[in-house]
Structures are given as structure tokens and as C-alpha cells.
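Below are the sequence and a predicted model; questions follow.
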Amino acid sequence: MSLSTVNGIVVRYANYRDNDRILDILTGEMGLVTAAARGCRRQKSPLLAAGELFVFGEFVLYGAKDRYSVNACDVRETFYPLREDVERFAAGAYMLSLVQAGATAGEKSEAQLSLLYHALSFTAYAEVNPADMAICFAMRYLSLLGFRPALTSCAVCGRDVRGEKSLRFSAPAGGAVCGACDARGPSVSALSLEAVRRMLLLEDGDIKKVCLPERVRAELRPAVNEYAEHVLERRFKAMDAL
Ligand SMILES: [Zn+2]
């Protein structure tokens with residue numbers, strides 16, 4: 001048993017006993033960690049703030065593989081405005097649910113943590129459309145996990161689809177599919193595919209610039225969620241609220 005100091009964001013919690021919580025924390029150093037925060041629901045607990053969703057901090061963990069407890073936490077950011085707005089909260093919760101499904105234990109996950117940190121920051125504090133941040137986060141996150149979708153050529157036949165009118169976004173095929181190939185999935189415009197391509201080129205610190213036209217947002221919301229559900233083999237509820 002040993003102490004580890006890690007940077008992380010709380011992506012889920014479950015209450016147990018009277019005053020305790022089990023936290024799932026996405027850490028840069030150790031990937032997704034499950035840790036008990038004992039006493040964190042007591043009003044005077046030093047872990048009171050650390051046991052909440054979205055909290056970013058430096059966690060001191062005690063334990064070993066699969067059995068950690070939080071010894072201390074230096075809370076750096078709570079992203080509080082997410083709690084004051086239904087849409088911002090839904091976007092943030094959607095991001096957390098993707099991470100919960102996609103992150104793995106024991107793997108360095110600095111890039112995932114950086115993306116989540118920036119996406120939550122802009123959703124909480126910047127003049128952004130929360131749905132745009134959720135869409136952008138999902139595509140970038142899945143790409144980080146190795147599921148970058150086909151965007152400029154057909155995922156089935158490989159033909160260049162830029163400028164093509166009749167396109168679908170097929171999760172099982174792995175992205176854009178041309179009109180000549182048979183694939184199920186929502187219709188998407190070339191403009192929406194181009195928007196995704198550009199989202200993937202940005203630095204994390206620049207994703208606040210994403211501002212989708214209404215039509216593109218309406219196309220990408222179901223397409224992106226279907227893709228996320230297919231890749232991560234999970235149903236995601238929070239996107240419905242956006
Ligand atoms: Zn094709």
C-alpha cells in the first residue's frame with residue numbers, strides 16, 4: 001500500500017453507508033480510478049467539496065490496484081456555473097458519462113484529462129452553446145480513444161465525399177458514407193462533416209471557438225451520439241436534454 005498524488009476530475013459518484021461516497025476519478029497519471037471518500041458527506045468533512053461531480057483537484061490516494069481511498073484533496077476548480085443552468089449541466093454530464101464509459105484504469109490519460117478540463121471550463125464559463133461543446137467534446141474524445149471517424153472519404157468505398165450532397169453518418173461503418181454505398185445512419189451535410197473535421201484540428205484551449213450553425217448542430221447531435229453509443233457500447237441519456 002502506498003500514497004499517490006494525482007490530478008483528476010470526479011466523473012461519477014455513488015453514495016454508500018451514511019456518510020461515504022465511492023468516486024470515479026479521471027486522473028492524468030493513472031487513468032480512471034475508483035476511490036472511497038470516507039466521511040465526505042459530513043458537513044465538516046475536509047473531503048466535502050471533493051466528493052462532487054466535475055470537481056478538479058489534486059487527490060492524494062492511499063491504496064493499491066482496485067482499492068483506493070481518498071486521503072486528501074486540494075480542490076482547484078468546481079465548475080460551479082454548470083449547476084446553475086440546465087443545458088450547461090446536461091452538456092457537462094454528457095461529457096462525464098462518455099469518460100466513464102471510455103476511460104480505462106491504470107493508463108496515463110493526460111490528453112483525456114486536458115480535453116475534459118477545457119471542455120468543462122468553456123461550458124461553465126465561456127459564451128458558448130453547451131450542445132456545441134458536447135458535440136465537440138464527444139468527437140475529440142472518441143478520436144483520442146482511437147475512433148476517429150471517416151470525414152472526407154466514404155467509410156465503405158473510400159471515395160472522396162467532399163462536396164457530395166447525399167451523405168449518411170454511419171456508426172457501424174465508421175463515419176461518412178456516400179450515396180452509392182448502402183449504410184444506415186442519419187443524413188449529414190458536407191458542411192457538418194467539415195465542421196467536425198475542423199473541430200478535430202483545434203488545440204484544447206481553442207475549442208471555445210466552436211460555434212455551429214443551427215442546421216449543423218441539429219444534424220450532428222443525433223449523428224455524434226449514435227456514433228458514441230456504438231463505439232462505447234453504452235446508451236447515453238444526457239444528450240437528450242440538450
Ligand atoms: Zn461509398
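Thanks, I have it.

For the longest strand belonging to the chain, C-alpha coordinates in CSV please.
Scanning the chain for the strand with the most residues, using DSSP state E, yields strand 2-16. Extracted as CSV, the C-alpha positions of strand 2-16 are listed here (Å, rounded to 0.1, in the frame of the first residue of the first chain):
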residue,chain,number,x,y,z
SER,A,2,1.3,3.4,-0.8
LEU,A,3,0.3,7.1,-1.3
SER,A,4,-0.1,8.5,-4.8
THR,A,5,-0.7,12.2,-5.7
VAL,A,6,-2.8,12.6,-8.9
ASN,A,7,-4.6,15.3,-10.8
GLY,A,8,-8.1,14.4,-11.7
ILE,A,9,-11.8,15.2,-12.2
VAL,A,10,-14.7,13.4,-10.5
VAL,A,11,-16.8,11.8,-13.2
ARG,A,12,-19.2,9.8,-11.1
TYR,A,13,-20.1,9.0,-7.5
ALA,A,14,-22.2,6.5,-5.7
ASN,A,15,-23.3,7.0,-2.1
TYR,A,16,-22.7,4.2,0.4
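
who are the neighbours in contact with residue 13?
The neighbours of residue 13, taking C-beta atoms under 8 Å, 6 or more residues apart in numbering as the test, are 21, 22, 23, 24, 37, 51, 52, 53. Any C-beta I mention is one placed from the backbone N, CA and C, and that applies to glycine too.

Which of those residues fall in helices?
Here DSSP state H is the test, and those give no hits in helices at all.
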